[in-house]
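A.B. asks: Turn this into a structure:
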Amino acid sequence: MSVLEMKVPSPGESITEVEIATWLVEDGDYVEKDQPIAEVDSDKATLELPAEESGIITLKAEEGDAVEVGAVVCLIDMDAAKPEGTAPAKTEAPKEEKKVEVAAPKADTYATGTASPAAKKVLAEKGIDASTVKGTGKDGRITKDDAVKAVPSMGSQPANGSRGTERKKMSMLRRKVAQRLVAVKNETAMLTTFNEVNMQPIFDLRSQFKEDFKAKHGVGLGFMSFFTLAVVRALKLYPDVNSMIDGDFQIKHDFQDISIAVSGPKGLMVPVIRNAENLSFRGVESEVKRLALRARDGQITIDEMTGGTFTITNGGVFGSMLSTPIINPPQSGILGMHNIVNRPMAVNGEVKIQPIMYVALSYDHRIVDGRESVGFLVAVKEALENPVELLMDNNPTKALEM
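C.D. replies: The predicted model follows:
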C-alpha cells in the first residue's frame, strides 16, 4: 500500500506556521494530482494547497488548526482506484426510538452564577457583569469557556427583529494585519498632511487619448499611471520619503518600488510595481492590471507583495472623500487617493466648476520632516495638474505611445 504523507510546504522565508483556512475536499474523497485541496493562511497571504498525487485522501487537520511548516496535514492512498459514478446511497435500518427521561430542573445553589477565577478575569477584561452570564459548569458555575463566549448585553428592551450573532475566528492574515496596524500606530510618529488636486488636465488627456491608448496597448488609460509616475517624480525630489528606518540607521533607495493597495477576496493586498521609475504609462497600467487580476483570483505570491518603498491606496473607488491612510511598514510614507467631486474653484480670477480630488500623505515623522512631507505632496499635486509638462516632456502623443 503506497500512502503519501502531504506536508505543509514553506510559503516563504521567515514563515514557520500556517492555518488551515478551508478544506476544499472531504475526508475519503478521491483527489486528482494538482487538484486544489485546501486554502491555507499565512501571516502574509492565503495560498492554495494542491494535491501532490492522485488517490483517496485522509485529512489529518481540522479547519482553523495552526500547523507548522513541514507538518503532515493529510494522507493520500495512491493505490486506491478512482471510483466510477456515484456510490449508491446507504439505507439505514430504522433505529428504535429511545425513551429520553427529562431530568427535573436543579434548584439553584450557592455556585449558581459564580465565576471561576479564570472566568472572572476574562469577564473583567470584557467589562461584562457575571450576573448577565449563564453558567454551564457544575451547579451553574460560570466557566472560562462561558466567559470567552459571553458578549456584552445589547439592552433589555424586547425586540421584534432578528437578534442572531455569529462568532467567527479571524484568518491568520487578518490577525497579522491587525497586529501590524496597531504596531504602526504605536511604534511610528505618524502624521498626515493634505492637499487638493484639480483633475481637469488629466480628464482632458484621457478624453483625448484613452480610445487610441486602449486600442494600441490593450489596457485602459486610468488614473493610477498618472499618480504612480507623479509619485516617482516626487520621490526623486524628496528621497527621505523613499527611505526607511533600520534601528539607528536610515536606509535610502535609488529605486522606486511602488506598492498598490488592492482589494482582494481575502482582504487588502499590496502587490508591488518593481522599478516603477523605468515604466511608461503603458507599463504602469499593464502592471497594475496584471497584479490586480492575480490578487482578485487569489494567485498573488508573497514575493509580489514584499519590498515596496512607498504605497499608494485608492479609497476613492469606494466613495471615500478624505482619510488618513496608515503607513505600510517598514515604509515611511503612503499616499491616499479619494473620490473626485465637482467643486467651485477660483481659476484665473473666475469661479469655475472643476473635478477636485483630496489627497493625503501619511508619513513617519521620525525620518521625514514637515518640509519634505509637504514638499512631496505639493510635487505630486504639481505633476498631476501639469502632466503634459512634468510627466510627458511636453509630448503626450509620444509618452502615451511608448
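A.B. asks: And the helices in the stretch 51-200 of the chain?
C.D. replies: 117-126, 144-149, 172-187, 200-217 (DSSP state H, counting those that start in this stretch).
A.B. asks: check contacts around M6.
C.D. replies: Counting by C-beta atoms under 8 Å, 6 or more residues apart in numbering, M6 touches 49, 51-52, 72-76. From N, CA and C alone the C-beta is placed, and that goes for glycine too.
A.B. asks: Let's see that with 6 Å instead.
C.D. replies: 52, 73-74 (C-beta atoms under 6 Å, 6 or more residues apart in numbering).
A.B. asks: Quick check: R366 touching M190?
C.D. replies: No. The criterion here is C-beta atoms under 6 Å, and R366 misses it with M190 at 9.3 Å.
A.B. asks: Between the two, which is the more surrounded one?
C.D. replies: M190 (20 against 13; other C-beta atoms under 10 Å).
A.B. asks: how about the more buried one, what does it touch?
C.D. replies: M190 neighbours (C-beta under 6 Å, 6+ apart): 327, 362.
A.B. asks: Quick check: it vs I334, distance?
C.D. replies: 9 Å (C-beta to C-beta, to the nearest Å).
A.B. asks: which residues do those two both contact?
C.D. replies: Contacts common to M190 and I334, judged by C-beta under 6 Å, 6+ apart, are 327, 362.
A.B. asks: Show me which positions of stretch 53-71 end up buried.
C.D. replies: 53-57, 59, 61, 67, 71 (16 or more other C-beta atoms under 10 Å).
A.B. asks: max-length strand in this protein?
C.D. replies: strand 350-364 (DSSP state E).
A.B. asks: Out of the contacts of M6, which sit inside strands?
C.D. replies: 73-74.
A.B. asks: TSV for the contacts of M6, including neighbour count?
C.D. replies: Putting these into TSV (neighbours: other C-beta atoms under 10 Å) gives the following:
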residue	neighbour count
E52	18
V73	20
C74	23
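A.B. asks: who touches the spatially most central residue of the chain in this structure?
C.D. replies: Closest to where the C-alpha atoms of the chain average out (C-alpha atoms, centre = their mean) is L268, at 2.3 Å. By C-beta under 6 Å, 6+ apart, L268 lies in contact with A261.
A.B. asks: Dig out what it forms beta bridges with.
C.D. replies: L268 has these beta-bridge partners by DSSP bridges: S263.
A.B. asks: Which pLDDT value goes with it?
C.D. replies: pLDDT for L268: 75.
A.B. asks: in stretch 295-308, what counts as buried?
C.D. replies: Buried residues in stretch 295-308 (16+ other C-beta under 10 Å): 295, 298, 300, 302, 304-306, 308.
A.B. asks: now swap in stretch 186-203 and tell me
C.D. replies: For stretch 186-203, by 16+ other C-beta under 10 Å, it's 188, 190, 192-193, 196-202.
A.B. asks: now do stretch 135-153
C.D. replies: For stretch 135-153, the neighbour count (16+ other C-beta under 10 Å) marks 135, 137, 140-144, 146-147, 150 as buried.
A.B. asks: T143 contacts K134, doesn't it?
C.D. replies: No. T143 lies out of contact with K134 (C-beta under 6 Å); the separation is 10.9 Å.
A.B. asks: which two of the buried residues of stretch 186-203 lie the greatest distance from each other?
C.D. replies: T188 and Q200 (35.4 Å; C-beta to C-beta).
A.B. asks: just to revisit the earlier point, what's the closest of the buried residues of stretch 186-203 to F226?
C.D. replies: When the buried residues of stretch 186-203 are ranked by distance to F226 (C-beta to C-beta), I202 comes first, at 5.4 Å.
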